[in-house]
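> Need the 3D shape of this:
(one chain, ligands or ions: 1)
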Amino acid sequence: MSSPRLALHWQILIGMAAGMVVGLLVNAFQGPLDAARLASPLLDDAAGFASNANAFVGDMFLRCLRFIAVPVVLFSLVVGASSLNDLRKLSRIGTRTVLLYLSTTAAAISTGLLLANIVRPGSFLPAELRDRLASEVPAGVAEKVGGAAPSAWSTLLDLVPINPFEAIADGNMLQVVVTALAIGGALTLVREELSRPVIQAAEGLTEAIIKLVEAVMKLAPLAVFCLLAKVMAGMGLEVLGALAVYTVTVIVGLAIMTFGVYPTILRALAGIGPRRFFEAIAPAQLLAFSSSSSAATLPVTMDCVEKRLGVGEEVTAFVVPLGATINMDGTALYQGVAAVFIAQLFGVPLDLEDQLTIVLTATLASIGTAGVPGVGLIMLVIVLQSVGMDEEVMKGGIAIIFGVDRLLDMCRTTTNVTGDAMVAAVVGAREGDLLDEAQVRARRVAEELAGLDENP
Ligand code: ASP
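Purely as a prediction, here's the structure:
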């Protein structure tokens with residue numbers, strides 16, 4: 001008899017915890033470690049090898065997931081859009097999805113703004129530390145701050161790729177979504193004997209990709225160990241201490257969304273309890289936290305939403321990729337808090353109108369944020385510009401919060417991914433396309449038995 005295996009999310013959690021501990025130890029003992037490496041060439045080689053191997057495993061894992069992300073969006077959305085051949089159903093699902101995405105994003109920013117105005121994190125950083133941190137502008141930020149923010153017109157125009165193959169090759173997710181929806185929608189207008197083989201091919205490719213996801217996820221516990229060990233080893237703990245109030249404000253806001261607002265909406269609109277939801281999507285959340293990338297997490301989010309939560313394939317294929325591209329509640333909340341924090345630091349007054357402007361621009365900026373690490377910080381420039389902050393204040397502000405950005409990125413990405421899964425569950429439930437817990441369990445058992453049959 002085979003011994004029962006620990007569930008994947010526990011394995012990932014253990015990998016994460018171990019990675020954090022090892023990374024923090026390396027961080028804390030950096031001085032003595034460097035001295036020992038200087039004294040012993042052998043130790044220096046071994047430490048160099050360990051650090052390269054560690055980075056290799058983490059990066060390879062992320063590459064594999066990102067390799068999967070574009071085809072999974074493309075093929076599954078083609079299937080999703082083409083199966084929604086009832087135009088009324090398509091527009092109903094589309095409208096519900098977009099409305100839920102926009103309203104949860106606005107709720108997230110408002111939560112962030114409320115917290116930042118109550119806690120006033122900007123009043124906790126001494127002026128001289130503020131000036132020291134503000135002078136260390138990270139590379140790449142200066143030119144972003146100087147550049148003009150893209151207009152809403154050009155952002156909208158940019159949704160349509162000139163060349164869909166280029167969009168796919170560049171991994172421009174928003175354009176890939178538009179391409180897939182257009183092709184999938186158009187396939188419903190084509191004679192069935194022509195459209196069927198194309199849809200079947202896309203279906204087969206989606207299934208194949210899901211198999212790849214499952215294979216790649218076997219590496220997840222080790223990979224998250226490596227990713228977190230690296231992040232924690234390089235984390236500036238001194239800056240973290242100085243920005244503790246700001247950091248905690250963002251994290252509390254994200255926790256309110258993730259563990260308060262989402263479960264409430266889920267219970268009210270989909271009748272799903274928090275235990276069932278979090279158990280189902282735990283692997284995606286843990287991966288989002290470890291990778292800081294909702295695009296890389298996308299294949300796993302889809303797998304969790306469909307296979308573990310029981311949302312139908314059609315809805316999953318439509319709602320989740322769209323969410324990973326445009327729905328970034330965590331990023332929006334973070335941008336709201338960061339904008340108010342920077343304003344407080346530099347004494348820039350923000351009246352009610354400015355705060356409403358932040359709600360609007362942070363919604364747009366979060367939609368335009370790519371699901372990869374650190375982009376939310378760059379897109380913050382648009383929010384700061386919208387309330388008329390001058391260039392020096394923006395540069396200084398971003399330099400100050402840069403030191404804790406990675407930690408906050410991990411947390412906001414987790415909220416981003418949770419929000420996508422929540423909306424998929426609500427849309428699935430409203431469409432009557434959601435299995436109950438017993439059905440999900442029965443399907444899993446049936447699949448396991450079928451697997452045993454194939455590989456006795
Ligand atoms: N890393 C975030 C994500 O992938 C985006 C950001 O806020 O930087 O969802």
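
> State the mean pLDDT of stretch 239-246.
The average of the pLDDT scores along stretch 239-246 is 87.

> quick one: contacts for the closest residue to the ligand within the stretch 101-250 of the chain?
Relative to the ligand, the nearest point of the stretch 101-250 of the chain is residue 173 (10.6 Å; C-beta to the nearest ligand atom). Yep, even glycine has a C-beta here, placed from its N, CA and C like the rest. Residues in contact with residue 173 (C-beta atoms under 8 Å, 6 or more residues apart in numbering) are 69-70, 73, 295, 321, 324-325, 370-371.

> quick one: low-confidence parts of the protein?
For the chain, the stretches flagged by pLDDT under 70 are 1-4, 84-85, 139-150, 451-456.

> Would you mind listing what in it touches the ligand?
Contact residues (C-beta under 6 Å from any ligand atom) of the chain with the ligand: 292-294, 328, 331, 369, 371-376, 409, 412-413, 416.

> 5 Å instead?
292-294, 331, 371, 375-376, 409, 413, 416 (C-beta under 5 Å from any ligand atom).

> okay, now the residue of the stretch 351-456 of the chain found nearest the ligand: neighbour count?
Per C-beta to the nearest ligand atom, residue 376 is where the stretch 351-456 of the chain lies closest to the ligand, at 2.4 Å. The number of residues packed near residue 376 is 28, by other C-beta atoms under 10 Å.

> so how far is the ligand from residue 51?
Between residue 51 and the ligand the computed distance is 24 Å (C-beta to the nearest ligand atom, to the nearest Å).

> Return the residues in contact with the residue nearest to residue 363 when sequence neighbours are not counted.
Nearest residue to residue 363 in three dimensions, chain neighbours excluded: residue 105, at 5.1 Å (C-beta to C-beta, 6 or more residues apart in numbering). With contact set as C-beta under 8 Å, 6+ apart, residue 105 has these partners: 327-329, 332, 363, 366-367.

> looking at this, residue 316 is in a strand?
No - judged by DSSP: H, G, I helix; E, B strand; the rest coil, residue 316 forms no part of a strand; its state is helix.

> pretty sure it contacts residue 302?
Yes - applying C-beta atoms under 8 Å, one finds residue 316 in contact with residue 302, separated by 5.7 Å.

> and for these two, which residues touch both?
In contact with both residue 316 and residue 302: residue 76, using C-beta under 8 Å, 6+ apart.

> Which residue of the two possesses the greater neighbour count?
residue 302 (31 against 27).

> Which helix or strand contains the more buried one?
Using DSSP states H and E, residue 302 maps to helix 294-303.

> Save the contacts of residue 105 as a markdown table, and put in secondary structure and neighbour count too.
A markdown table is the format used below for the contacts of residue 105 (DSSP: H, G, I helix; E, B strand; the rest coil; neighbours: other C-beta atoms under 10 Å):
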| residue | secondary structure | neighbour count |
| --- | --- | --- |
| 327 | coil | 30 |
| 328 | coil | 35 |
| 329 | helix | 33 |
| 332 | helix | 36 |
| 363 | helix | 22 |
| 366 | helix | 30 |
| 367 | helix | 19 |
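
> and the residue lying closest to residue 213 once chain neighbours are set aside, how many neighbours?
Using C-beta to C-beta, 6+ apart and skipping residues adjacent in sequence, the residue nearest residue 213 is residue 299, 4.2 Å away. Neighbourhood size, residue 299 [other C-beta under 10 Å]: 31.

> can you pull the contacts of residue 299?
Residue 299 touches 65, 68-69, 72, 209-210, 212-213, 216, counting by C-beta under 8 Å, 6+ apart.

> who wins for neighbours among the residues of the chain next to the ligand?
Highest count within the residues of the chain next to the ligand by other C-beta under 10 Å belongs to residue 416, 34 neighbours.

> residues in contact with residue 44?
Neighbours of residue 44 in contact, by C-beta under 8 Å, 6+ apart: 37-38.

> Work out for me the element it sits within.
Here residue 44 is assigned to helix 41-83, by DSSP H and E.

> quick one, that helix and helix 294-303 angle?
Interaxial angle of helix 41-83 relative to helix 294-303 (axes from the mean of the first three to the mean of the last three C-alpha atoms, to 10 degrees): 60 degrees.

> any idea which helix or strand comes after helix 41-83?
helix 87-119.

> which of the residues in that following helix are buried?
90, 93-94, 96-97, 100-101, 104-116, 119 (16 or more other C-beta atoms under 10 Å).

> how much space between residue 236 and residue 63?
27 Å (C-beta to C-beta, to the nearest Å).

> Looking at these two, which one has more neighbours?
Neighbours around residue 236 and residue 63, counted as other C-beta under 10 Å, are more numerous at residue 236. The numbers are 15 against 12.

> is it true that that one touches residue 403?
Yes - Residue 236 is in contact with residue 403 according to C-beta under 8 Å; the separation is 4.8 Å.

> OK, contacts around residue 281?
By C-beta under 8 Å, 6+ apart, the neighbours of residue 281 are 301, 304-305, 308-309, 417-418, 421.

> before we move on, what about residue 33?
26, 47.

> Quickly note the distance from it to the ligand.
30 Å.

> Could you count how many residues lie near residue 237?
Neighbour number of residue 237 under other C-beta under 10 Å is 12.

> Quick check: closest non-adjacent residue to it.
residue 27 is the one closest to residue 237 (C-beta to C-beta, 6+ apart), at 6.3 Å.

> Please pull up the helix or strand immediately following the helix or strand hosting the one you found.
Residue 27 is part of helix 8-28, with elements assigned from DSSP H and E. Of the helices and strands lying after helix 8-28 in sequence (DSSP H and E), the nearest is helix 30-39.

> now the angle from that next one to helix 8-28?
Using the same axes, to 10 degrees: helix 30-39 against helix 8-28 is 70 degrees.

> Going by neighbour count, list what's buried in helix 30-39.
33, 37.

> from the middle of its chain, how far away would that helix be?
Remark: helix 30-39 is offset 36 Å from the chain centroid, using C-alpha atoms, centre = their mean, to the nearest Å.

> Let me know how buried the closest residue to residue 121 other than its chain neighbours is, in neighbour terms.
Distances taken as C-beta to C-beta, 6+ apart place residue 246 nearest to residue 121, at 4.0 Å, with adjacent residues excluded. Neighbouring residues of residue 246 were enumerated by other C-beta under 10 Å; the total is 26.

> repeat for residue 190
13.

> same deal with the one 5 residues further on?
Other residues near residue 195 number 17, with proximity taken as other C-beta under 10 Å.
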